[in-house]
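*Asks:* Below: sequence and its predicted model.
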Amino acid sequence: MASIGPLPFTAEAKSTEGRVLLYGKTKLCPPVFYTPRKPPLVLSSALRGFGNPRTGEDGCNWGSSSSRRRSTRATSRDTDGGPSEETLQATIEKSKRVLALQRELVNKIISRRKIIASIKNGTSVSLDDDSSSSVSENDASFSSLEDAWTSDIGSRNGSVPSLEGDNENVFQSYVGSSTLSEIPVSKPTTISCDCGKDEALLGERSKFSSNGTCLDTTHQPEMGAANSSDSDKTDVVLPSFSIISEISSLDSHKTDIAPPSLSNNSGIRVPKDKKEGDLEEATAQIEADDEDDSEDAKPPPLAGANVMNVVLVAAECAPWIKTGGLGDVAGSLPKALARRGHRVMVVIPRYSDYAEPQHTGVRKTYKVNGQDVEVSYFHVYIDGVDFVFIDSHMFRLGNNIYTGNHVDILKRMVLFCKAAVEVPWHVPCGGVCYGDGNLVFIANDWHTALLPVYLKAYYRDNGIMKFARSVLVIHNIAHQGRGPVDDFFQVDLPEHYKDLFALYDPVGGDHFNIFAAGLKAADRIVTVSHGYAWELKTSEGGWGLHNIINENGWKLRGIVNGIDTKEWSPEFDPHLTSDGYTNYTLETLHSGKAKCKEALQKELGLPVREDVPVIGFIGRLDNQKGVDLIAEAIPWMMGQDVQLVMLGTGRHDLEQMLRQLENQYRDKVRGWVGFSVKMAHRITAGADVLLMPSRFEPCGLNQLYAMSYGTVPVVHAVGGLRDTVQQFDPYNESGLGWTFDSADAQKLINALGNCLLTYRQYRKSWEGLQIRGMTQDLSWDNAAQNYEEVIVAAKYQW
Ligand SMILES: Nc1ncnc2c1ncn2[C@@H]1O[C@H](COP(=O)(O)OP(=O)(O)O[C@H]2O[C@H](CO)[C@@H](O)[C@H](O)[C@H]2O)[C@@H](O)[C@H]1O
């Protein structure tokens, strides 16, 4: 893969349960997952009337027993204070009315729960049965039911709600916002929907996840987007509207009672062989169920009320197709976002017949350069993420995904982005489309930079997808989708959009630039490190786009990539389980790494020696990665007692250089030309040092992988390398590796020289470096939280 700078369209190198549905308030705003709030258990002002106004204590408490004790004290103080008998009588009468109302409500809830339970158990329950299980006026067990109910709610939400004012406010907004809005929905019932269907998918979804699903047939896309003719009618899970309306009827009693959790697990299961009027038993059953449930209960989503529908669109995605770091990010960031509770989809082209994704049966046609091109969609749900593959004859490229001239590549990206932006409408995931409300697209690099433009030009400018937002992630600004000005006619946009793409630079003159348009159209921009965010604003680092980036600086944020700790962990790495390699941990670092080093030397035919430092390099062979600096430093390096292992593919001349170095220094150098994920993992584990002399590096992943494997990085302090590799300080025994401050072979030699000295003579310091590297939290979790802030900011931006 030849790489090199901003050539036109060179793509290569550069490069719930417990969750509830919030129904949007407008047609265009489909359901949203939100974290169930602690249902505040408060009573209406009428009911609160017999508390003590001076102390603020509430005389009527449905909360904990301690609250009830408070209630008793409050009443007696009132009495002591000398209210008249009449007042007391009135209060008692009022209490009775309240209790009657409470009983009625409890009965209703019990009967609804029975219905739910019966639906679940496949038994029929007559509504008439309600009476048999109702709470009788004199039922002594009422208070225990009260306990059961409150503990039910309390346990499901982590605490027993108090009656203090805050909760009340929350509850007022809870009920007041919308009776259909924020209802804790549990086991969805099954109804019919036009969203397209694949039975297998539904089964698969239930196999992989028990997540609540974003469901709403009332929010089908406009524009006739949901083409029912394309898809069969399907059974999908939907929240039971009858249950919701029941809650709303509770509300109509004008009693401010927190709706009870309708979670599947909380349904009252009345044993068929028991007398249904046996309230105490039913109560005991609830309590027992709740105890069981609390063990299984899933915590609420980390994202809380910020959960969104996220659609990440990228030209590559590991493990299916990866030519560089973009594939890694597209494969792992979405999973981290899903772990936070977002509903997440990844959309990529289907370049080959991948094993896992199944045809959804949905087909659409889009115009590319005036021609109709049919696409269809494949889907698989893995690790909480919906992966959607767009199939078309134009994408059948195998692993050579950036092949062709710039117009060929441009046409593919036009088709990809046109189709991708409508995936949330057309492709049922787990039986149900995402819809376009509470939706954010995350586009990546120039390949998908058209998506924010299409979202705006085709939809939002026309009042469609008004609530959808786009974030554009810059992984590498050096590749921009440049072409002659006339390329504008390929992208099929209104004439007035031409200026968005127009760019002048001293080298290329006036030209058409997709990245430029995407940066302007996106609601937010992210790049993959803080250092790179800064560099992008400079004329050296912005590659001609620095002015646009500066103008849009307010929406740019640097977020350092994480690593997929499942894929890149020395403890679980499947590539270290054969051929003499071994998995290792911090505890077994010494022996494990030595074994991997020995296995690497054997596999590559290098002399097997424990004492010789093995230096690794993995990366695309191009100007960015500074391979030429390594070549310049080779005479010095070969004078050292070292072994050098290089893995890469890219520029033909640099591939030749690798082969030549190996031929020239057969007992010291191995140059593996090709793309081998297995070798990348093995070098990362077996090498002592990882060299990354990149001229620029937006983030860099290999140094992160290296550190988590106890391999010490030596890097050019630029972009994300500067952010992630702190220089070793021998006086304080701190730092993670060695850095050099300019892309200069001599500086590389100095840094590497110090590194080798420490390796040989200061073993304790060396081990310290390894341990510090391995014990960092490099997971995607932090980054995902930062992305969440960005998408939420985009959501609320108008
Ligand atoms: N020959 C080979 N065989 C097997 N695996 C190989 C390989 N060559 C490279 N790889 C793998 O590809 C990935 C490359 O990661 P980089 O961070 O170097 O990405 P790249 O520069 O492509 O991406 C851009 O995007 C990423 C993600 O944002 C940024 O980190 C980076 O700075 C930016 O340039 C690593 O997983 C590496 O192991």
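*Replies:* Structure received.

*Asks:* So residue 523 versus residue 555, what's the distance?
*Replies:* Separation of residue 523 from residue 555 (C-beta to C-beta, to the nearest Å) stands at 7 Å. Where C-beta positions appear, they are placed from N, C-alpha and C, glycine not excepted.

*Asks:* Tell me which of those two has more neighbours.
*Replies:* residue 523 (23 against 19; other C-beta atoms under 10 Å).

*Asks:* In this structure the more buried one contacts residue 794, no?
*Replies:* Yes: under the criterion of C-beta atoms under 8 Å, residue 523 makes contact with residue 794 at 4.2 Å.

*Asks:* Now do the shared contacts for the two.
*Replies:* Common neighbours of residue 523 and residue 794, using C-beta atoms under 8 Å, 6 or more residues apart in numbering, are 469, 470, 471.

*Asks:* In a strand, the last one, correct?
*Replies:* Same thing as residue 471. Yes: secondary structure of residue 471 (DSSP: H, G, I helix; E, B strand; the rest coil): part of a strand.

*Asks:* burial count for residue 673?
*Replies:* Neighbours of residue 673 (other C-beta under 10 Å): 19.

*Asks:* Look up the closest residue to it, ignoring the ones flanking it.
*Replies:* Of all residues not flanking residue 673 in the chain, residue 655 sits nearest, at 4.6 Å (C-beta to C-beta, 6 or more residues apart in numbering).

*Asks:* For the one you found, give me its contacts.
*Replies:* Contacts of residue 655 were listed using C-beta under 8 Å, 6+ apart, and they are 621, 648, 649, 673.

*Asks:* out of those residues, which is most surrounded?
*Replies:* Counting neighbours by other C-beta under 10 Å, residue 621 leads the contacts of residue 655 with 28 neighbours.

*Asks:* quick one on the thing from earlier: need the contacts of residue 655 in TSV with distance to the ligand, can you?
*Replies:* Shown next, in TSV, are the contacts of residue 655 (distance: C-beta to the nearest ligand atom, whole Å):
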residue	distance to the ligand
621	8
648	5
649	5
673	8
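
*Asks:* List the ones among those residues that fall in strands.
*Replies:* 621, 648, 649, 673 (DSSP state E).

*Asks:* What is the most widely separated pair among these?
*Replies:* Farthest pair in those (C-beta to C-beta) is 621 and 673. Separation: 8.0 Å.

*Asks:* what touches both of the two?
*Replies:* Contact criterion C-beta under 8 Å, 6+ apart; residues shared by residue 621 and residue 673: 648, 649, 655, 658.

*Asks:* related to what we said a few turns ago, mind checking the SS state of the residue nearest to residue 673?
*Replies:* helix.

*Asks:* what do you get for residue 691?
*Replies:* Secondary structure assignment for residue 691 (three-state DSSP): strand.

*Asks:* Next one: it from residue 661, what distance?
*Replies:* From residue 691 to residue 661 the distance is 13 Å (C-beta to C-beta).

*Asks:* do the same with residue 388
*Replies:* In this view, residue 388 and residue 661 are 43 Å apart by C-beta to C-beta.

*Asks:* and what of residue 447?
*Replies:* 33 Å.

*Asks:* and those two? which has more neighbours close in?
*Replies:* Taking neighbours as other C-beta under 10 Å, residue 447 and residue 661 compare with residue 447 leading, 32 against 21.

*Asks:* Can you check the pLDDT for that one?
*Replies:* Here the pLDDT value assigned to residue 447 is 97.

*Asks:* Report the secondary structure state of it.
*Replies:* The local conformation at residue 447, judged by three-state DSSP, is helix.

*Asks:* ok, it touching residue 315?
*Replies:* Yes: the criterion here is C-beta under 8 Å, and residue 447 meets it with residue 315 at 4.0 Å.

*Asks:* List the contacts of the residue in the stretch 501-650 of the chain positioned nearest to the ligand.
*Replies:* Closest residue of the stretch 501-650 of the chain to the ligand, C-beta to the nearest ligand atom: residue 528 (4.1 Å). Counting by C-beta under 8 Å, 6+ apart, residue 528 makes contact with 329, 473, 474, 475, 558, 559, 560, 561, 698, 699, 720.

*Asks:* separation between the fourth one and residue 447?
*Replies:* Spelled out, it's residue 475. From residue 475 over to residue 447 the distance is 10 Å, taken as C-beta to C-beta.

*Asks:* next one: residue 335
*Replies:* Separation of residue 335 from residue 447 (C-beta to C-beta): 21 Å.

*Asks:* Also residue 441?
*Replies:* Separation of residue 441 from residue 447 (C-beta to C-beta): 13 Å.

*Asks:* Can you pull the residues of this protein lying near the ligand?
*Replies:* Within the chain, the positions adjacent to the ligand are 15, 324-326, 328-329, 475-476, 528, 561, 618-620, 647-649, 675-677, 680, 697-702, 720 by C-beta under 6 Å from any ligand atom.

*Asks:* my read: residue 307 touches residue 339, true?
*Replies:* No: using C-beta under 8 Å as the test, residue 307 is too far from residue 339 to be in contact (11.7 Å).

*Asks:* of these two, who's got more company?
*Replies:* residue 307 (26 against 19).

*Asks:* give me phi/psi at the more buried one?
*Replies:* phi -60, psi 140 (degrees, to the nearest 10).

*Asks:* what do you get for residue 556?
*Replies:* Torsion angles at residue 556 (phi, psi; degrees, to the nearest 10) stand at phi -100, psi 140.

*Asks:* Quickly list what it is bridged to.
*Replies:* Going by DSSP bridges, residue 556 is paired in beta bridges with residue 525.

*Asks:* What distance do you get for it to residue 524?
*Replies:* Taking C-beta to C-beta, one finds residue 556 at 8 Å from residue 524.

*Asks:* what about these two, which has more around it?
*Replies:* Between residue 556 and residue 524, counted using other C-beta under 10 Å, residue 524 has the larger neighbour count: 26 against 21.

*Asks:* these two touch, right, the more buried one and residue 555?
*Replies:* Yes: Residue 524 is in contact with residue 555 according to C-beta under 8 Å; the separation is 4.9 Å.

*Asks:* Show the backbone phi and psi for residue 382.
*Replies:* When read as degrees, to the nearest 10, the backbone of residue 382 gives phi -130, psi 140.

*Asks:* Just the pLDDT at it, thanks.
*Replies:* Residue 382 is assigned 98 on the pLDDT scale.

*Asks:* Can you report how many residues lie near it?
*Replies:* 18.

*Asks:* Save the ones in strands among the contacts of residue 655 as JSON lines, and put in pLDDT too.
*Replies:* Output for the ones in strands among the contacts of residue 655, formatted as JSON lines (pLDDT from 0 to 100):
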{"residue": "621", "pLDDT": "96"}
{"residue": "648", "pLDDT": "98"}
{"residue": "649", "pLDDT": "96"}
{"residue": "673", "pLDDT": "98"}
